[in-house]
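Enquirer: structure for the following, please:
(one chain, ligands or ions: 1)
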Amino acid sequence: IKKIEKAIQQKRTFCSFEYFPPKTPQGVNNLYDRFERMALLGPEFIDVTWNAGGVTSDLTIEICSNAQTVYGLETNMHLTCTNMPVEKIDHALREAKKSGVQNIFALRGDPPRGVKDWTKCENGFAYAIDLIRYIKKNYGDFFGIGVAGYPEVHPDSPSKEDDLRFLKEKVDAGGDFIISQYFYDVDLFLQWVKDCRAIGINCPILPGLLPIQTYDKFINMVRMNGTSVPDYILKDLEPIKEDDQAVKEYGIKLLTEMSKKLIANGIPGIHIYTMNLERSARVILENLGLAQSQEVVKPLPWNRSLKNNRL
Ligand code: FAD
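Expert: Prediction:
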């Protein structure tokens, strides 16, 4: 119970990885192969995202179940309120519980693709906190609960103070740990953590780090989310922006340096948004000396036939 919270508090500097459900069966198979290899890096847990439109929801449940039971990975299943009447929420929670998934990342979710404003569905929840309260009321302490936090303030939030207050309410309602939106300004993140502590948010706060893959993708992502990018990063990228490989290597170096500074400032570990890619995450961990050696890792309860049957 609450395994992730305990792991964060007790262990060495930890790492965790986020994945999303692929669109094709081949993609799912590739993801399982990646789980097998990346398990050897010793992540404390992995996350699998939830498609807010509901399209790949069953796949999220299935991937989480396999990650937990086949690959022996402590799994944090994302769950959103978008288009999710309480019956569907219950289905997801029951299935998670059945397969031994003990961690839910409780989110409101974004509007489905093409829809501008978020609206609550009939017999559903308006905010992540309503989902947290529902899980606590109906499942007691079976699930550890993670919640999302925004160092640069969530776009729908009336103000920075309100955003922090809402975050504290989520933690007070049962959130055991926070994972942040991605950022590239470490000072800004560290200040936000101080602001959280100042209003009495005492749970672990994990920094979400997004490796840079290509210049265009990076610029689109930061624009879409209104993420601050320190000038020196843009300057460094300018001369290499057409060279995808050089950009990728720069991203690895940048995230390594960011991680070092975070860890030096007492942050307990790093959460990597892998985008289902392996190399950047692996090299960052190797650079930090956090990649667990293969000998230390227990053999996985690994069973290829189950994996293939499920596809
Ligand atoms: P909430 O905490 O409910 O907040 C939503 C907004 O309402 C905020 O602006 C908040 O300040 C405001 N608010 C909260 N309470 C109140 C109140 N009582 N009155 C008025 N306003 C209030 N999306 C997905 O679809 N799938 C995923 O798997 C996914 N994973 C994510 C993982 C991480 C680490 C992060 C940071 C985000 C993720 N998201 C995901 C995106 C997330 O769903 C969106 O950012 C969404 O818009 C907000 O979700 P939330 O849980 O933070 O919402």
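Enquirer: up against the ligand, what does the stretch 51-200 of the chain have?
Expert: Within the stretch 51-200 of the chain, the positions near the ligand by Cβ under 6 Å from any ligand atom are 52, 78, 80, 107-110, 127-129, 148, 154, 156-157, 162-163, 166, 170, 179, 181. C-beta coordinates here come from the backbone N, C-alpha and C atoms, glycine included.
Enquirer: for the closest residue to residue 41 other than its chain neighbours, give me phi and psi.
Expert: Closest residue in space to residue 41, ignoring its immediate chain neighbours: residue 291 at 4.9 Å, by Cβ to Cβ, 6 or more residues apart in numbering. Dihedral angles of residue 291 (phi, psi; degrees, to the nearest 10) stand at phi -70, psi 120.
Enquirer: and for residue 216, the neighbour number?
Expert: 12 (other Cβ atoms under 10 Å).
Enquirer: helix or strand right after the host helix or strand of it?
Expert: Using DSSP states H and E, residue 216 sits within helix 215-225. For helix 215-225, the following helix or strand on the C-terminal side (DSSP H and E) is helix 231-237.
Enquirer: quick check: buried residues in that following helix?
Expert: 233, 237 (16 or more other Cβ atoms under 10 Å).
Enquirer: show me what the very next helix or strand once past that helix is packed up against.
Expert: Next in sequence after helix 231-237, counting helices and strands by DSSP H and E, comes helix 244-264. On a contact count with 3 or more Cβ pairs under 8 Å, 6 or more residues apart in numbering; DSSP states H and E, helix 244-264 meets helix 186-198, strand 205-209, helix 215-225, helix 231-237, strand 269-273, helix 279-288.
Enquirer: using CSV, write down the CA coordinates of the first one.
Expert: Right, helix 186-198. Output in CSV follows, covering the C-alpha atoms of helix 186-198 (Å, rounded to 0.1, in the frame of the first residue of the first chain):
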residue,chain,number,x,y,z
VAL,A,186,15.2,24.8,-12.6
ASP,A,187,15.2,27.9,-10.4
LEU,A,188,11.6,28.4,-11.2
PHE,A,189,10.8,24.8,-10.2
LEU,A,190,12.8,25.1,-6.9
GLN,A,191,11.0,28.3,-6.0
TRP,A,192,7.6,26.6,-6.7
VAL,A,193,8.6,23.7,-4.4
LYS,A,194,9.4,26.4,-1.7
ASP,A,195,6.0,28.0,-2.3
CYS,A,196,4.4,24.6,-1.9
ARG,A,197,6.2,24.0,1.4
ALA,A,198,5.4,27.4,2.6
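Enquirer: distance from that helix to the middle of the chain?
Expert: 19 Å (Cα atoms, centre = their mean, to the nearest Å).
Enquirer: my guess is residue 8 contacts residue 14. True?
Expert: Yes: assessed by Cβ atoms under 8 Å, residue 8 is found in contact with residue 14 at 6.2 Å.
Enquirer: give me the common contacts of these two.
Expert: 44, 268, 269 (Cβ atoms under 8 Å, 6 or more residues apart in numbering).
Enquirer: wait, which of those residues is closest to residue 92?
Expert: residue 44 (23.0 Å; Cβ to Cβ).
Enquirer: now the closest one: how far from the ligand?
Expert: 15 Å (Cβ to the nearest ligand atom, to the nearest Å).
Enquirer: measure the closest residue to that residue other than its chain neighbours to the ligand for me?
Expert: The shortest distance from residue 44 to any non-neighbouring residue, by Cβ to Cβ, 6+ apart, is to residue 14 (4.0 Å). With distances taken as Cβ to the nearest ligand atom, residue 14 is found 16 Å from the ligand.
Enquirer: and for residue 209?
Expert: For residue 209 relative to the ligand (Cβ to the nearest ligand atom), the value is 11 Å.
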